[in-house]
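Visitor: Structural data only, the sequence is not supplied:
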Ligand SMILES: CC(C)[C@H](C(=O)O)[C@@H](O)C(=O)O
Ligand code: SF4
């Protein structure tokens with residue numbers, strides 16, 4: 001290895017290289033393979049080839065996408081195809097011998113909440129999963145990315161993966177975040193700044209004082225939505241926040257092995273002078289609580305702002321695109337965001353379904369009532385988050401305010417098992433994708449942070465949570 005200063009990404013990449021192919025692809029060793037209940041086709045590929053899994057001990061699974069959040073009994077899944085997804089994961093776990101945190105396991109949950117929570121996701125690892133939001137785990141200083149179904153089969157069979165080396169991007173966020181501004185607002189602001197294709201082909205390292213100041217939950221939210229900027233992965237250098245979060249978790253080393261791991265993890269940070277292919281600077285103080293108005297995560301503005309006017313678009317193409325989004329969203333140019341009424345509220349997902357998110361939402365819901373005509377759901381990101389919230393009495397706060405308190409899973413983020421809105425309904429959602437029809441045919445989604453979603457629930461319209469806080 002040369003003495004050139006290296007980025008954190010390069011250090012992790014170098015340590016996992018098995019061999020290089022002439023066409024520029026690298027074979028990487030995979031430390032952790034996470035599976036969810038959409039993985040059945042990959043096991044079918046193995047069966048067809050007569051292969052067995054290479055390293056079941058490095059593989060961990062949990063049902064999340066296709067399990068409804070009003071029951072824990074797979075037999076009660078109404079759609080036979082979805083039921084089969086969940087049941088086949090159980091059969092494959094039994095046949096191949098990998099760990100399954102099933103429906104009756106206190107560790108079940110959304111795979112991207114469960115990995116960090118159980119200490120399966122650790123600094124310096126390569127972590128893959130057949131799911132785009134695998135970028136989440138990079139918050140711990142891992143190189144974590146989503147892979148396709150044939151790649152899942154390849155990892156199951158070999159524990160290795162061919163990849164082309166991505167480019168690197170450093171996003172520095174310096175300064176202090178304002179009142180009511182969360183990691184969700186930071187990432188929506190980043191995506192609005194660089195665009196949904198802004199980081200295509202890159203691995204982003206988030207750095208700067210505002211990132212250092214984020215909790216682990218906040219960093220997980222930041223890296224989670226990195227994929228919505230087109231990036232391959234997002235990473236944050238491990239520090240005291242990371243170590244404090246990991247220490248004592250189920251799969252984390254203890255005693256002398258812990259000390260050795262921490263020493264190794266400290267050396268992962270990008271070397272001074274390491275070069276990135278692209279550098280972006282963001283002023284933390286310029287970030288407001290942010291809400292999307294369109295049908296792509298980049299169409300986001302400050303909550304105290306107005307719906308943009310297509311007349312101001314820089315090109316005819318963009319003007320037409322904006323107009324189409326406004327038509328779908330049922331919004332008018334120049335309309336105040338804070339005047340837009342909502343029908344439903346969804347608090348949950350791998351972006352914002354962690355304990356800190358539920359605490360923030362409960363802080364707003366406490367002593368208030370869900371507005372008449374609004375249906376509001378809280379769906380914990382994992383069974384462990386649910387138990388913790390219940391131990392803190394958050395479920396009572398939500399229920400007393402009129403929110404539904406559900407079992408852990410992807411739920412309305414993905415919209416399976418009828419956990420969707422009705423056509424034309426508007427949802428304030430803490431999830432990560434506001435694509436057309438994502439939360440049901442004709443449904444309009446506004447992405448925002450958990451406190452703002454709770455504020456929308458109790459006022460019945462999009463609300464600047466800072467105003468609600470001032471009002472007491
Ligand atoms: C179903 C799954 C493969 C998909 C993904 O890859 O992201 C889902 O999690 C999503 O959020 O749309
Ligand atoms: S919560 Fe949503 S984004 Fe996350 S894995 Fe599930 S469906 Fe995908």
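Guide: Arrived safely. What you see is a predicted model; the values in this text were computed from it and never measured. Ligands and ions are numbered 1, 2, ... in the order given.

Visitor: Hmm, residue 39 is touching residue 61, no?
Guide: Yes: the pair residue 39 / residue 61 is scored as a contact, 7.4 Å apart, by CB atoms under 8 Å. The C-beta positions use only the backbone N, C-alpha and C, and glycine is treated the same way.

Visitor: Report the distance from stretch 283-293 to the chain centre.
Guide: Computed by CA atoms, centre = their mean, to the nearest Å, the chain-centroid distance of stretch 283-293 equals 18 Å.

Visitor: What of stretch 371-387?
Guide: Its chain's C-alpha centre and that of stretch 371-387 lie 17 Å apart, by CA atoms, centre = their mean.

Visitor: quick one: is stretch 27-41 near ligand 2?
Guide: No: using CB under 6 Å from any ligand atom, stretch 27-41 stays clear of ligand 2, with a minimum separation of 7.1 Å.

Visitor: Could you list the buried residues of that stretch?
Guide: Across stretch 27-41, burial judged by 16 or more other CB atoms under 10 Å covers 28, 30-40.

Visitor: Please list the residues of the protein that sit near ligand 1.
Guide: For the chain, the residues in contact with ligand 1 (CB under 6 Å from any ligand atom) are 38, 65, 131-133, 146, 414.

Visitor: could I get these as a markdown table with secondary structure and pLDDT?
Guide: A markdown table is the format used below for the residues of the chain next to ligand 1 (DSSP: H, G, I helix; E, B strand; the rest coil; pLDDT from 0 to 100):
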| residue | secondary structure | pLDDT |
| --- | --- | --- |
| 38 | coil | 97 |
| 65 | coil | 98 |
| 131 | coil | 98 |
| 132 | helix | 98 |
| 133 | helix | 98 |
| 146 | strand | 98 |
| 414 | coil | 98 |
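
Visitor: Looking at the residues you listed, which two lie furthest apart in space?
Guide: For these, the maximum inter-member distance is 14.5 Å, found between 146 and 414 (CB to CB).

Visitor: Spell out which helix or strand contains the residue in the stretch 201-350 of the chain that ligand 2 sits nearest to, please.
Guide: Ligand 2 sits closest to residue 350 of the stretch 201-350 of the chain, with a gap of 3.3 Å, by CB to the nearest ligand atom. In the assignment (DSSP states H and E), residue 350 maps to helix 349-352.

Visitor: ok, now residue 428?
Guide: Using DSSP H and E, residue 428 falls in strand 426-429.

Visitor: Averaged pLDDT, the helix or strand following that strand. What do you get?
Guide: Downstream of strand 426-429, the first helix or strand assigned by DSSP H and E is strand 444-447. Strand 444-447 shows an average pLDDT of 98 in the prediction.

Visitor: who in the stretch 51-200 of the chain is up against ligand 2?
Guide: 64-65, 110, 112, 131, 133.

Visitor: Let me have the residues you listed in a markdown table, adding distance to residue 262 as columns.
Guide: Output for those, formatted as a markdown table (distance: CB to CB, whole Å):
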| residue | distance to residue 262 |
| --- | --- |
| 64 | 30 |
| 65 | 34 |
| 110 | 27 |
| 112 | 24 |
| 131 | 29 |
| 133 | 27 |
